[in-house]
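Undergrad: Just need the structure, nothing else, for what follows:
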Amino acid sequence: MKTFRSIFAVTLLLFCITTQAQKDSTAGQFSLGMRSTVSSFTDAGSTGLGAGGQFWIRVTKHMNTVWYSDYINTNIQSIGFRRDAHIGWSVVFYMDKDPMLTHKITPYILAGQCFDYTNVYSDYFNNSVERWSAAAAQGGVGATYKLTDHFDFSLIALYMMHLGKHVETEIKYTEQGGEKYLSITTPQGASLDGHLLITFSLNYLLGKL
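TA: Now for the predicted structure:
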């Protein structure tokens with residue numbers, strides 16, 4: 001009897017999901033895009049610039065998902081470099097009553113998780129430190145402008161917070177000559193390390209999955 005009830009409950013759930021997907025003509029829409037990202041609040045006040053790709057899979061009319069990868073390079077006052085690689089995803093919630101209207105700016109909020117790799121290099125003594133993290137979380141706001149039925153332009157601003165090994169950088173000066181250099185340290189224990197990311201992207205709607 002319990003087995004029958006379980007089968008019936010699962011069947012009913014699948015039927016409800018299928019019915020909802022049939023009612024929502026936007027479910028399953030797949031878009032592919034390219035992105036350019038600016039990273040601020042990083043080492044010694046330097047700003048990074050990177051590029052990457054992404055794809056969107058729509059869940060409902062008011063909910064979307066974005067899956068992305070980025071590679072960002074930061075020149076730290078010409079005495080060191082920082083390189084970041086991100087692979088992550090976010091859930092997007094549209095705040096417009098009808099986000100499918102054309103030629104209209106549609107705002108949204110988003111939140112998600114990211115796997116990331118960071119490498120910081122200093123010219124001083126060729127010092128280099130790496131960090132891997134699977135516990136980065138991000139959240140922010142964005143807006144999409146629909147250029148045509150298939151093309152749209154998106155602007156996203158989000159704050160990414162890394163939990164794990166922290167890499168600290170500081171501009172110092174040598175005792176002799178006063179030449180500046182980049183000092184890199186890795187404090188013991190886990191800590192929070194964050195930066196602001198601003199992403200511009202152009203996306204093309206390919207169809208439905």
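
Undergrad: Mind listing residues that contact stretch 185-198?
TA: For stretch 185-198, contacts defined as Cβ atoms under 8 Å, 6 or more residues apart in numbering pick out 37-42, 129, 131, 138, 140, 155-168, 170. Backbone N, C-alpha and C define where each C-beta goes, glycine included.

Undergrad: try stretch 88-101
TA: 26, 56, 61-69, 104, 106-116, 136, 138, 142, 146, 158.

Undergrad: which SS state does N64 fall under?
TA: At N64, secondary structure determined by DSSP: H, G, I helix; E, B strand; the rest coil is strand.

Undergrad: from what I can see it touches F55, true?
TA: No. Using Cβ atoms under 8 Å, N64 makes no contact with F55, being 10.9 Å away.

Undergrad: Narrow the contacts of stretch 88-101 to those in strands?
TA: Using DSSP state E, the members of the contacts of stretch 88-101 that fall in strands are 56, 63-69, 106-116, 136, 138, 142, 146, 158.

Undergrad: out of these, which are buried?
TA: 56, 63-64, 66, 68-69, 106, 108, 110, 112, 114, 116, 136, 138, 142, 146, 158 (16 or more other Cβ atoms under 10 Å).

Undergrad: Let me know the distance separating I72 from K146.
TA: Computed with Cβ to Cβ, to the nearest Å, the distance linking I72 and K146 is 27 Å.

Undergrad: most centrally placed residue in this protein?
TA: In the chain, the centroid-proximal residue (Cα atoms, centre = their mean) is G88; its distance is 5.6 Å.

Undergrad: Are we agreed that that residue is in a helix?
TA: No. The assignment for G88 (three-state DSSP) gives strand, which keeps it out of a helix.

Undergrad: residue ranges with poor pLDDT in this protein?
TA: Along the chain, the model assigns pLDDT under 70 to residues 1-25, 41-43, 101-103, 177, 189-191.

Undergrad: Which stretches in the chain count as helices?
TA: Here the chain has its helices, by DSSP state H, at 2-23.

Undergrad: buried ones in stretch 72-79?
TA: If you call a residue buried by 16+ other Cβ under 10 Å, then stretch 72-79 has these buried ones: I72, T74, I76, I79.

Undergrad: so what's the second one up against?
TA: With contacts defined as Cβ under 8 Å, 6+ apart, T74 is in contact with S39, T42, D43, S46, T47, G48, L49, F81, R82, R83, D84.

Undergrad: what is the closest residue in space to it that isn't next to it in sequence paired to in the beta sheet?
TA: Distance criterion Cβ to Cβ, 6 or more residues apart in numbering; nearest residue to T74, sequence neighbours excluded, is G48 at 3.3 Å. Beta-bridge partners for G48, by DSSP bridges, are S39, T74.

Undergrad: just S133 next, same as before
TA: D116.

Undergrad: which ones are touching the residue lying closest to V141 once chain neighbours are set aside?
TA: Using Cβ to Cβ, 6+ apart and skipping the chain neighbours, the partner closest in space to V141 is I109 (5.5 Å). I109 makes contact with V92, F93, M95, G139, G140, V141, G142, according to Cβ under 8 Å, 6+ apart.
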